[in-house]
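A.B. asks: need a structure here:
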Amino acid sequence: MNRGRPVFVLHEHQRPRHHFDLRLEQDGVLRSWAVPRGLPTRPGADRLAVPVDDHDLGHATYEDATKSIADTGWWELEDRDERRFVFVLHGRGGARRYALISTGQGALLHLLKDQPTDQAADQPADESDPA
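C.D. replies: As a prediction, this is how the structure comes out:
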């Protein structure tokens with residue numbers, strides 16, 4: 001699915017209590033954040049994102065009795081500074097743009113108002129098309 005692009009996975013955990021982990025491939029590992037209430041579904045509904053230990057890339061497909069994959073795909077970095085980075089997740093339901101904002105004591109995950117409109121980048125090229 002990712003065609004050589006950096007992978008992301010959103011794990012849904014049932015233990016020790018229900019939560020999600022967002023994992024982004026970067027520098028050969030999956031950088032990870034616990035997001036207790038899941039990804040924000042509307043702008044202004046920011047979610048706590050607690051940095052957790054990095055995981056090896058094999059964890060991108062890992063599931064067990066208490067951990068499942070809620071979403072997966074690839075991601076791209078759009079902008080970064082010392083306080084925040086803006087990225088697009090290209091998952092099963094299409095593309096969504098988020099910002100991860102450092103608060104100094106943790107982070108907030110924010111769904112941006114300006115969302116991608118061109119879904120063509122998520123689709124494989126049709127090699128039979130002469131154009």
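
A.B. asks: Restrict the helix or strand that contains Val86 to CA atoms and write it as CSV.
C.D. replies: Assigned by DSSP states H and E, Val86 falls within strand 84-91. Taking C-alpha atoms only, strand 84-91 is exported to CSV below (Å, rounded to 0.1, in the frame of the first residue of the first chain):
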residue,chain,number,x,y,z
ARG,A,84,4.8,21.6,15.9
PHE,A,85,4.7,19.5,12.8
VAL,A,86,2.0,19.2,10.2
PHE,A,87,1.5,15.9,8.4
VAL,A,88,-1.1,14.1,6.3
LEU,A,89,-2.1,10.6,7.0
HIS,A,90,-3.2,8.6,3.9
GLY,A,91,-5.2,5.8,5.5
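
A.B. asks: Buried residues, it. List them.
C.D. replies: 85-91 (16 or more other C-beta atoms under 10 Å). Glycine gets a C-beta too; all of them are placed from N, C-alpha and C.

A.B. asks: I'd like those residues laid out as TSV, including distance to Gly104.
C.D. replies: TSV is the format used below for those (distance: C-beta to C-beta, whole Å):
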residue	distance to Gly104
Phe85	15
Val86	19
Phe87	20
Val88	25
Leu89	25
His90	30
Gly91	29
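
A.B. asks: Pick the one among those residues closest to Leu112.
C.D. replies: Using C-beta to C-beta, Val86 comes nearest to Leu112 of the buried residues of strand 84-91, at 7.0 Å.

A.B. asks: Test my guess that that closest one contacts Arg96.
C.D. replies: No - counting by C-beta atoms under 8 Å, Val86 does not reach Arg96; the two are 11.6 Å apart.

A.B. asks: returning to what we had before: walk me through which strands the strand holding Val86 pairs with, and which way each runs.
C.D. replies: When sheet partners are counted by DSSP bridges, strand 84-91 sits next to strand 67-80 (antiparallel), strand 94-102 (antiparallel).

A.B. asks: out of these, which comes closest to Val29?
C.D. replies: strand 67-80 (14.0 Å).

A.B. asks: quick one: average pLDDT of that closest one?
C.D. replies: For strand 67-80, the mean per-residue pLDDT is 97.
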